[in-house]
Each structure stands twice: as C-alpha cells, then as structure tokens.
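Coordinates only, no sequence provided:
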C-alpha cells in the first residue's frame, strides 16, 4: 500500500460571495459532517458533532415521533429560512400541512430542538433561540448532554422571546404539552 504525496492532493476552490452569504452559497460546501448556516448574511460553520450527540438526536426524534399525532412531521437537520438567515436545528417538528420545502417556513415549525456540544454551546444558548423567537416559532428545546442523563430545558414563546417552562432529566417520564401532549424521559435518549 503506497502513500499519496501531498503534491497529489487536490484542494477544492471556491470563493466567498462579494456581498452577504445566501442560501444558494450553502450548496458550495461538501457533505462532510460540518454544519454550515447563515446568520444575517454571515457564514457560520460548526465542526462535526461527536457520536454521543448523534445518539441523543436519534433519541429525541424517536420520543417525538412516538407521540406525534397524525400529520405531524419530526425531522432532523432540516433547515429553516428566516429572512437573511438559514439555520439547521438538530431536530424540528413541522405542523400538519406544512410546505415540505427544503428550507422550511418558520410558520410551519412548531418546535426546534438544539442539542449542545462544546463547539455549539453559546450558539445554541444565545443566538439561535433569539432568531427562532424573532421568527415566531412557538416552542424551543435545548438539551445539555454530558450529565448522568441529558438535561432538557423547554421554552415557550412569550412575546418576542422564550420563557423557561420546564427542566427535565432522569428516567421518570414527565408530561409536556407542547408542541403536542407527550411524556418525555431524557434518560431514554442515551
């Protein structure tokens, strides 16, 4: 088995747009596990998340899908277009009869879920919730991993910002009402 010399590597060439970044620019990037998003015309890139993050995403999706009424959609990594911003939450719940487009309209989104990693913690706690609230998305969940069980924080839109509703962890199921009635036990997400 031979080694490839550095001279034989090919680098992808692209250039930044002359003005602000926009949704079509996101198609320039490879499907390499990084998350590429646009906030007010500026590009934001997050490194690929660890496998523990992916396991939590799968657990949250499974919990939400098992309680979803007919017609509701639970998706992971589907984008939301909000003016000059294109965000990709870890999980989202779409209302019945949503448009089904590649980039969802915020009016179709009933819940967004962000699962923190060390690289995304500030983005998931500060910037993304403010943009989701500004877009009028009714419910936001933030999951803190790295504890004995994940810690779920739920928020409901109150005016133009989110208000904390619940903090849930452990194996005992807790009843939640938004975006639809369900029982959640974050320990099941491990």
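Received the coordinates, thanks. On a predicted model such as this, the values are computed, not experimentally measured, just so you know.

Please count neighbours and contacts with C-alpha atoms only from this point.
Will do.

need the contact list for residue 110.
Listed by C-alpha atoms under 8 Å, 6 or more residues apart in numbering, the contact partners of residue 110 are 92, 93, 94, 95, 137, 138, 139, 179.

ok, and the most crowded of those?
Within the contacts of residue 110, residue 92 tops the neighbour count with 27 neighbours, counted by other C-alpha atoms under 10 Å.

Would you list the strands that whichever strand or helix holds that residue pairs with, along with their directions?
Using DSSP states H and E, residue 92 falls within strand 91-94. Using DSSP bridges, the strands paired with strand 91-94 are strand 73-76 (antiparallel), strand 109-115 (antiparallel).

Quickly compare the ones you listed and say which is most buried.
Mean neighbours per residue, mean count of other C-alpha atoms under 10 Å, is largest over the strands paired with strand 91-94 for strand 109-115, with a mean of 24.

all strands for this structure, in order.
Shown for the chain, the strands assigned by DSSP state E span residues 35-39, 42-46, 73-76, 79-82, 85-87, 91-94, 103-104, 109-115, 139-144, 151-158, 161-168, 174-176, 182-184.

So what touches stretch 58-69?
Stretch 58-69 is touched from outside by 73-76, 91, 180-184, 188-190, with contacts defined as C-alpha under 8 Å, 6+ apart.

Just the closest of those to residue 170, please.
When the contacts of stretch 58-69 are compared for distance to residue 170 (C-alpha to C-alpha), residue 188 wins out at 8.4 Å.

which secondary element of the chain has the worst mean pLDDT?
Every helix and strand in the chain was compared by mean pLDDT, DSSP states H and E; the lowest is strand 103-104, with a mean of 94.

burial of residue 33, as a residue count?
As a burial measure, residue 33 scores 10 neighbours (other C-alpha under 10 Å).

What of residue 126?
Residue 126 has 10 neighbouring residues, counting by other C-alpha under 10 Å.

repeat for residue 32
Other residues near residue 32 number 8, with proximity taken as other C-alpha under 10 Å.

and it, what are its phi and psi?
The phi/psi pair for residue 32 (degrees, to the nearest 10) reads phi -110, psi 10.

how near is it to residue 87?
Going from residue 32 to residue 87 by C-alpha to C-alpha, to the nearest Å gives 17 Å.

do residue 34 as well
Distance of residue 34 to residue 87, computed by C-alpha to C-alpha: 13 Å.

And those two? Which one has more around it.
Per other C-alpha under 10 Å, whichever of residue 34 and residue 87 has more neighbours is residue 87, with 23 against 13.

okay, that one: pLDDT?
On pLDDT, residue 87 comes in at 98.

Can you pull out the low-pLDDT segments for this structure?
Scanning the chain for pLDDT under 70 picks out the ranges 1-14.

Taking the centroid of it, which residue is nearest it?
Most central in the chain under C-alpha atoms, centre = their mean is residue 89, positioned 1.5 Å from the mean C-alpha point.

Ramachandran coordinates for it?
The phi/psi pair for residue 89 (degrees, to the nearest 10) reads phi -70, psi 160.
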